[in-house]
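Colleague: Below: sequence and its predicted model.
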Amino acid sequence: MTERSAHATQAAVVLDIGGDIGALVLYTGVEDDAAEIDISPGTDPAAPRSHNQVHPRRAPAGTVYSAVYPALAAGTYTIWRDEHTPEATVTIRGGQVTQHRLSAPLGPRPHSHHHEQPHPHG
């Protein structure tokens, strides 16, 4: 399965599923475009997290916004709304695509990779 994003810098998404590897498609609204949404294996808040970015994608019914996690080991994962708040727990099954829709928009999120810009001297 290949999906192409409307973002010029976003390459096609190839889902590498089969055996004990599945995928997650996380649907959001337009207000969460470009948000980076964390997931972690299991339910332990201290587990290492990974994230993918929400992008607009063309679908037969129009544009949908989603983050795609293309190759996840089968098991339980927590989707995080922010650093401390779980959105949901989902089960990934090998060879299958699991889908989840956010229960509500994420809202404003702090930028975790913010860099101070030098101020020009006048």
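Modeller: Happy to help now that I have it. Residues are numbered from 1 along each chain as shown.
Colleague: quick one, strands of this structure?
Modeller: Applying DSSP state E to the chain gives strands spanning 2-3, 13-14, 21-28, 36-41, 50-53, 55-59, 62-73, 75-80, 86-92, 97-101.
Colleague: elements contacting the fourth one?
Modeller: Read it as strand 36-41. Applying 3 or more CB pairs under 8 Å, 6 or more residues apart in numbering; DSSP states H and E, one finds that strand 36-41 contacts strand 21-28, strand 50-53, strand 62-73, strand 75-80. Yep, even glycine has a C-beta here, placed from its N, CA and C like the rest.
Colleague: likewise the fifth one?
Modeller: With contacts defined as 3+ CB pairs under 8 Å, 6+ apart, strand 50-53 has these neighbours: strand 36-41, strand 62-73.
Colleague: I figured I17 was touching V97, is that so?
Modeller: Yes - when contacts are counted by CB atoms under 8 Å, I17 is listed as touching V97 (6.9 Å).
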